[in-house]
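J.: Sequence isn't available, so here's the structure alone:
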């Protein structure tokens, strides 16, 4: 019986090649789009969930109130981990982890030199996390200050085909470490990333470790013993940081609390607003789950519409089958079999599409997604996905077609035009509504990106570059600075705490004349400079002067404030004011206009720019505009190589670095646009087939109208007007839904556009024009057909 169903279904596909091709192609595009989104979301939903002890792994988080708002954040003091392990027996293992992304280390083996992302971790790291180890003793990894654990990929880069175990590497041309372990390359679904790991004892050796309870600069992870109550444990550790900070502190009493949060949830729930983690990337998962469902639903609706539109052609087939004894159940199975067969063909085409476009999609979402066709679970999922899609798409047509009464169908009275059109109209409205929602979303995202890019940055990025301070650059900085300025390749140089496009530090505890206890808990961004920052970075000076330690020796404790800091401190005349903070009394020498250093979508925070008593990681320099850029870079590279010969010349253009801030939002916008285009394309594909079938079923009516004097325009309008009405209804339904969804999305950004009426008018006009362009060809073709041919058999 099953073979019979399949044979008949296959014959029907071959008999109606055009109909089958449209159905297969439309369904394949929808399935490919939904599967791409599924691959992406599957990567996000499984992030950090492969660790064997995952249910007992927790990240330690801080929580405190800042400016009347509670916040939670995962950066913790370096001393917190060992303190918790010593004080609380519920902890089986702990590890601190710093991924080393703020510092690029130079690793040397023989003649091979590569800059690497080398992280710091405690020995408990491999007892907590399940990163597969290729070679080495798990119990001895990271127990020695002079040891290093590397990934397989990193080993290949540095050692080629040699066995890396026991080999010695020179780090930063100073320290020798021995390879004691090699890991498999890290999986795609891990948020913990590194090329290699050295022990926390190595971090002490190079002066990276401190015992400052106010310095939240690393991640702390713990493995709780089996059976430990999380609530009871959190109650016990809550005041740990607060108690240590407040010892001997008679001025500003800390109110920081700490708590353990499941590590497996830190990636998806990464926003600590309100003092707890309940939102974050999970919103992106929800958003694109809906988009994936939308595009598959649109493709399934196409199938339903086209199948029911052909009802008259199949009515007599249904009538004959029922007369010879076929039950309704057997007819439903037959039609579902046809639907599943089409779904199978569409899946084959969808897999081919995914193989072709996956590299481009990976580049768009910044992932390394793969479709493993050699995996049994993958095939089980694809088969299940195909069957569900086939049944979903074919269920309504199957029940609709099998409901025909044999007597009426054999008499040619099976015209269910009104009923079928009514249901199809609803389905077309749903299709266009989804397409319009995605179109409006694309418009809003693109407008938001452009609005933010046009925002005043507060500095001049044209011709501005920066280089991380590495190797001998720190100790040779004065000589490097002088030679750069004498080279004629740059016009200004400044040493700073971080790149101008990224904040490395913020903090509280600053006080000034008239400051309240609440003021002392206000959060200030930190930046630093030695000299010439205003000239180098292009800041706009409002009052006073720039910091210049080479001209004014006392500027080592000088400070600049931005406009927002002056307002936050309520200073009428800030120049000369003393600001206490970070254990130093700073003197304000200047005020600059606000500048963007963090997210361009957020409000600008109060900022203090500290003199050289602070710390530095970055050198900024402005190119000489009178010279060729390439020639400038050649000259600058020679200077850097002279004073830092072991390291490659590493530089970045500030404008390109700033542009990277829009990558995630632009990716969301691009994906929304692509899927909006696909949705519209699939909808129009179905619309084209629908108008063709409508013209075919109303052929004689059109011929009679033409004989009675109807013009081509009148006939075209007759065929088109019903579909245009459906599109207008879809616009009315989609607009308020899109307004609500995108307005909620914009609330995540402090600096954002307002929703405007013309977004919806533009999306609506696009939908009408695209639908008219789709309909007009078939409508005009039917309108200009010779009526004699249509009426010949009458």
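T.: Received it, and whenever you're ready, just let me know what you need. None of these values were measured; they are calculated from a predicted model.

J.: For residue 252, report the pLDDT, please.
T.: Residue 252 is assigned a predicted lDDT (pLDDT) of 63.

J.: ditto for residue 318
T.: In this prediction residue 318 is given a pLDDT of 60.

J.: And the strands in the stretch 501-650 of the chain?
T.: 506-507, 524-528, 541-544, 558-562, 578-581, 584-592, 607-610, 618-623 (DSSP state E, counting those that start in this stretch).

J.: State the number of residues packed around the residue nearest to residue 506 when sequence neighbours are not counted.
T.: In space, and not counting its chain neighbours, residue 506 is closest to residue 525: 4.7 Å by Cβ to Cβ, 6 or more residues apart in numbering. Quick note: C-beta positions are derived from backbone N, CA and C, even for glycine. Neighbour count of residue 525, defined by other Cβ atoms under 10 Å: 22.

J.: what do you get for residue 664?
T.: 13.

J.: I'd like the distance between it and residue 365.
T.: 9 Å (Cβ to Cβ, to the nearest Å).

J.: Strands of the stretch 251-400 of the chain, residue ranges please.
T.: Going by DSSP E, counting those that start in this stretch, the stretch 251-400 of the chain shows strands at 257-262.

J.: pull the helix or strand with minimum mean pLDDT from this protein.
T.: helix 406-410 (a mean of 56; mean pLDDT, DSSP states H and E).

J.: Now do the SS call for residue 59.
T.: At residue 59 the chain is in strand, as set by DSSP: H, G, I helix; E, B strand; the rest coil.

J.: residue contacts, residue 484?
T.: 490, 493, 621, 636, 639 (Cβ atoms under 8 Å, 6 or more residues apart in numbering).

J.: Narrow the residues you listed to those in helices?
T.: Residues of the contacts of residue 484 located in helices (DSSP state H): 636, 639.

J.: Out of the contacts of residue 484, give me the one that has the most neighbours.
T.: residue 621 (26 neighbours).

J.: ok, that residue to residue 494 distance?
T.: Going from residue 621 to residue 494 by Cβ to Cβ gives 8 Å.

J.: joint contacts of the two?
T.: Joint contacts of residue 621 and residue 494 (Cβ under 8 Å, 6+ apart) are residue 536.

J.: Make sure residue 760 is actually in contact with residue 737.
T.: No. Contact criterion Cβ atoms under 8 Å: residue 760 and residue 737 do not qualify, at 10.9 Å.

J.: Between those two, tell me which one has more neighbours.
T.: residue 760 (21 against 14).

J.: I'd like the strands of the stretch 501-650 of the chain as JSON lines, with distance to residue 443 and mean pLDDT appended.
T.: What follows is the strands of the stretch 501-650 of the chain, written out as JSON lines (distance: least, Cβ to Cβ, whole Å; pLDDT from 0 to 100):
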{"stretch": "strand 506-507", "distance to residue 443": "35", "mean pLDDT": "80"}
{"stretch": "strand 524-528", "distance to residue 443": "33", "mean pLDDT": "91"}
{"stretch": "strand 541-544", "distance to residue 443": "38", "mean pLDDT": "94"}
{"stretch": "strand 558-562", "distance to residue 443": "34", "mean pLDDT": "95"}
{"stretch": "strand 578-581", "distance to residue 443": "45", "mean pLDDT": "91"}
{"stretch": "strand 584-592", "distance to residue 443": "36", "mean pLDDT": "94"}
{"stretch": "strand 607-610", "distance to residue 443": "34", "mean pLDDT": "94"}
{"stretch": "strand 618-623", "distance to residue 443": "37", "mean pLDDT": "96"}
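
J.: Those: which one's closest to residue 442?
T.: strand 524-528 (33.4 Å; Cβ to Cβ).

J.: Contacts made by the closest one with the rest, please.
T.: 495-498, 503-508, 510, 565, 568, 581, 597-598, 605-612, 614-616.

J.: Just give me the neighbour total for residue 332.
T.: The number of residues near residue 332, taken as other Cβ under 10 Å, comes to 18.

J.: shouldn't it be in contact with residue 394?
T.: No. Taking contacts as Cβ under 8 Å, residue 332 lies outside contact range of residue 394: 9.1 Å.

J.: chain center to the helix or strand where residue 732 lies: distance?
T.: In this assignment (DSSP states H and E), residue 732 forms part of helix 712-746. The chain centre lies 31 Å from the centre of helix 712-746; the measure is Cα atoms, centre = their mean, to the nearest Å.

J.: cool, stretch 26-41 as well?
T.: 18 Å.

J.: who are the neighbours in contact with the spatially most central residue of the chain?
T.: With distances taken as Cα atoms, centre = their mean, the residue of the chain nearest its centroid is residue 664 (4.7 Å). With contact set as Cβ under 8 Å, 6+ apart, residue 664 has no partners.

J.: which phi and psi does it have?
T.: Main-chain dihedrals, residue 664, degrees, to the nearest 10: phi -70, psi -50.

J.: State the distance from it to residue 284.
T.: Distance from residue 664 to residue 284, by Cβ to Cβ: 9 Å.

J.: what does residue 339 give?
T.: 32 Å.

J.: Next: residue 442.
T.: Residue 442 is 16 Å from residue 284, by Cβ to Cβ.

J.: Please identify which of those two sits among more neighbours.
T.: More neighbours surround residue 442 than the other of residue 442 and residue 284, with 22 against 16 (other Cβ under 10 Å).

J.: And the pLDDT for residue 422?
T.: In this model, residue 422 carries a pLDDT of 60.

J.: From here on, call the first residue 43.
T.: Okay, using 43 as the starting number, the last item reads as residue 464.
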